[in-house]
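>>> Give the three-dimensional model of this entry:
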Amino acid sequence: MKAVSLRTGLSPHVLRVWEKRYGAVRPRRTDTNRRLYTEEEVVRLGHLAYLTRAGHSISQIASLPSEQLESMCGSEVTRRSAGPAATPAPADAGAQGWIQAGMQAVRESDQTKLETVFDEAGTGLGYSGLLEHVVVPLIQLTGEEWEAGTITAAQEHIASSLIRDYLARSIRPFSPSANAPHLLVTTPVGQIHELGAIVSAAMGRKLGWNVTYLGAALPAQEIAGAAIKNKSRAVALSIVYPPDDPDLPSELHELRRLLPEETVVLVGGRAVHGYSQTLSEIDARILQNFDQFKSELEILRKSRLYLGGETKNDPEHASPTSARSVTPQTDTK
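This next block holds a predicted model:
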């Protein structure tokens, strides 16, 4: 394994994760349980390493034929040789330094360093800019590195805790009005990755909603019970991993059955496409990114008047779609 690590640039930990989690290669074993890689497997791992560094997700390419991986590498080399103009610039290139510094803090599980990065970014970009241009990309990068095996599950969980604690403190100055609509944010049972949900809660609070964040992996009965108790206008769910939980569709159907008809279900996250049929069946609003999330919250606020805790129709700002229609799909939160 050491020789393969040197040739591919992949750590032994990543090699084990790619083999066990994604079946990228299946090396033979000696009588003493040492791995024996063929030359073809080493070349395949080299192609996978190159493509993941270029931005491809290991979960999407690990099972592709070796010939296709080689072709993709050739296309990537051609694209890069075209120069900087061939690659679009990020939405906020100035935030890249903060994102990379934040990722380093995540790798080191350094709370003080991460808080310093967020403080500096918030000063430079404002709170909304911090969320959209630093925290959200950092979450996506954290998920990709966990998926690729370059950070451990423990590091990913520590990152969740650090970001949750920071946002919980930083959002306190944004106090909703007494008659603000209520938003419930959580992840359904089996979905333990909560970073997307944490940012959704902070963003909702920044937009003037009265937000309750329930944490991760709650069953439908508990989510519905909390929504009913709080008279929630909407329930926002984050679905990140796994993308193929056989028990989740029934949980989502149960949630829709238990919720009041007027309560809107908003669903986003990297694994949302794995459950698109179920989400369509329960008339959930599918969100591909945080811009759509913000737009949906604005639509919901304008479609009703909240007076004295009661909901009344607002003809002037009536929603152009039904309260539970599915939003058009573009691409990912």
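
>>> Identify the residues contacting stretch 42-62?
With C-beta atoms under 8 Å, 6 or more residues apart in numbering as the test, stretch 42-62 has contacts from 4, 7-10, 15, 18, 22-25, 37, 66, 69-70, 72-73, 76, 80, 144, 147-149. C-beta: built from backbone N, CA, C; applies to glycine.

>>> first to last residue in it, what's the distance?
This stretch, stretch 42-62, spans 14 Å end to end (C-alpha to C-alpha, to the nearest Å).

>>> buried stuff in that stretch?
Of the residues in stretch 42-62, those buried by neighbour count under the rule 16 or more other C-beta atoms under 10 Å are 43-52, 56, 58-59, 61-62.

>>> Which of those lies at the shortest distance from I171?
Among the buried residues of stretch 42-62, S59 lies closest to I171 (C-beta to C-beta), at 32.0 Å.

>>> tell me which element that closest one is part of?
Here S59, judged by DSSP states H and E, is contained in helix 58-61.

>>> What's the mean pLDDT across that helix?
When pLDDT is averaged along helix 58-61, the result is 86.

>>> hmm, which of the contacts of stretch 42-62 are the buried ones?
So, by 16+ other C-beta under 10 Å, the buried ones in the contacts of stretch 42-62 are 4, 8, 10, 15, 18, 22, 24-25, 37, 69, 72-73, 76, 144, 147-149.

>>> I figured S160 hits E194, correct?
Yes: counting by C-beta atoms under 8 Å, E194 is a contact partner of S160 at 5.5 Å.

>>> Of those two, which one has the most company?
Set side by side, S160 and E194 show unequal neighbour counts under other C-beta atoms under 10 Å, the larger going to E194 at 26 against 21.

>>> Quick check: closest non-adjacent residue to that one.
Of all residues not flanking E194 in the chain, A216 sits nearest, at 4.0 Å (C-beta to C-beta, 6 or more residues apart in numbering).

>>> one step back: filter the contacts of stretch 42-62 down to the ones in helices?
The members of the contacts of stretch 42-62 that map onto helices under DSSP state H are 4, 7-8, 15, 18, 22, 66, 69-70, 72-73, 76, 80, 144, 147-148.

>>> Could you point out which residue ranges in this structure have low pLDDT?
Applying pLDDT under 70 to the chain flags residues 6, 55, 77-94, 304-333.

>>> can we see that at 80?
Applying pLDDT under 80 to the chain flags the ranges 2-3, 5-14, 50, 52-57, 74-94, 147-148, 173, 175, 303-333.

>>> which residue ranges form the helices in it?
Using DSSP H, helices in the chain cover 2-8, 12-22, 39-53, 58-61, 66-81, 96-108, 111-130, 136-148, 153-170, 195-206, 220-229, 248-258, 276-281, 290-303.

>>> Which of the ones you listed sits closest to P181?
Proximity to P181 (C-beta to C-beta) singles out helix 290-303 among these, at 6.2 Å.

>>> buried sites along the closest one?
F290, Q292, F293, K294, E296, L297, I299, L300, R301, S303.

>>> elements contacting it?
helix 195-206, strand 234-238, strand 264-268, strand 285-287 (3 or more C-beta pairs under 8 Å, 6 or more residues apart in numbering; DSSP states H and E).

>>> Against P27, how distant is K302?
Applying C-beta to C-beta, to the nearest Å, the value for K302 to P27 is 58 Å.

>>> again but with I286, I slipped
Taking C-beta to C-beta, one finds I286 at 40 Å from P27.

>>> who's more crowded, these two?
Counted by other C-beta under 10 Å, I286 and P27 do not tie: I286 has more neighbours, with 22 against 16.

>>> Enumerate the beta-bridge partners assigned to the more buried one.
In this entry, I286 is beta-bridged to V267, by DSSP bridges.

>>> How about Y213?
Under DSSP bridges, the beta-bridge partners of Y213 are V185.

>>> ok so, going back, any chance of the helices and strands packed on helix 290-303 in a markdown table, plus distance to G274?
What follows is those, written out as a markdown table (distance: least, C-beta to C-beta, whole Å):
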| stretch | distance to G274 |
| --- | --- |
| helix 195-206 | 15 |
| strand 234-238 | 13 |
| strand 264-268 | 11 |
| strand 285-287 | 12 |
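
>>> A224 is nearest to which of these?
Shortest distance between A224 and the helices and strands packed on helix 290-303, using C-beta to C-beta, is found for strand 234-238: 8.2 Å.

>>> May I have that closest one as PDB, with CA atoms only?
Extracted in PDB, the C-alpha atoms of strand 234-238 (Å, rounded to 0.1, in the frame of the first residue of the first chain):
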ATOM      1  CA  ALA A 234     -42.700  25.700   6.700                       C
ATOM      2  CA  VAL A 235     -40.500  22.700   7.600                       C
ATOM      3  CA  ALA A 236     -37.100  22.800   6.000                       C
ATOM      4  CA  LEU A 237     -35.200  19.400   5.600                       C
ATOM      5  CA  SER A 238     -31.600  18.900   4.600                       C
END
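
>>> Nothing else from me, thank you.
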